[in-house]
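S.K.: structure for this input, please:
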Amino acid sequence: MRRYTTQGEELPTIERQITQQRIERYARAAGDFNPIHLDKEFAATTQFGGTIAHGMMVIAFVSEMLTRAYGNDWPATGKMKLRLRAPSHPGDTLTAHGIVKSVSQESGHSVILCGVGVKNQNGDVVISGDASVVTGL
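M.R.: From the prediction side, this is the model:
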């Protein structure tokens, strides 16, 4: 598996379509039945104007990207610090992206810090933040 260990190197992107069906499946899996995600009539009366995806569902796309980049090192050692910046609606196409910001050595292992985020089809930032992973364990 290729590892992304050079400062400035871009991580592989993940593109996912948000659908109401995907939101409903996530709600069942997570046990999160907040009406902002599921009730179209209720959601239409909110500041969002309609249903929105769960933030953790969108964050999972970042984790999927990091797993693709770092394999089992990601779930074993990964950490994220993210901010939700904008809602994602059914019909949105989201792209998770990242770049290696720095690489340091600790106890014979590489500690990789990445800038990560998610943008929608309009280029609006949905999520931004950092993630770190230890490789070479």
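S.K.: how about the contacts made by residue 49?
M.R.: residue 43 (C-beta atoms under 8 Å, 6 or more residues apart in numbering). Where you see a C-beta, it was placed from the backbone N, CA and C, and this is true even at glycine.
S.K.: and it, how close does it get to residue 42?
M.R.: Applying C-beta to C-beta, to the nearest Å, one obtains 12 Å for the distance of residue 49 from residue 42.
S.K.: then residue 128?
M.R.: From residue 128 to residue 42 the distance is 28 Å (C-beta to C-beta).
S.K.: which SSE is immediately downstream of the longest helix along the chain?
M.R.: When the chain is parsed with DSSP state H, its longest helix is helix 55-70. Of the helices and strands lying after helix 55-70 in sequence (DSSP states H and E), the nearest is helix 73-77.
S.K.: mind listing what's buried along that next one?
M.R.: For helix 73-77, the neighbour count (16 or more other C-beta atoms under 10 Å) marks 73, 74, 77 as buried.
S.K.: and those, which is closest to residue 37?
M.R.: Nearest to residue 37 among these is residue 74, at 26.5 Å by C-beta to C-beta.
S.K.: quick one: the closest one from residue 57, how far?
M.R.: In this view, residue 74 and residue 57 are 18 Å apart by C-beta to C-beta.
S.K.: residue ranges with poor pLDDT in the chain?
M.R.: Residues of the chain meeting the criterion pLDDT under 70: 1-2, 137.
S.K.: show me the strands in it, by range?
M.R.: 14-17, 79-84, 93-106, 109-119, 125-135 (DSSP state E).
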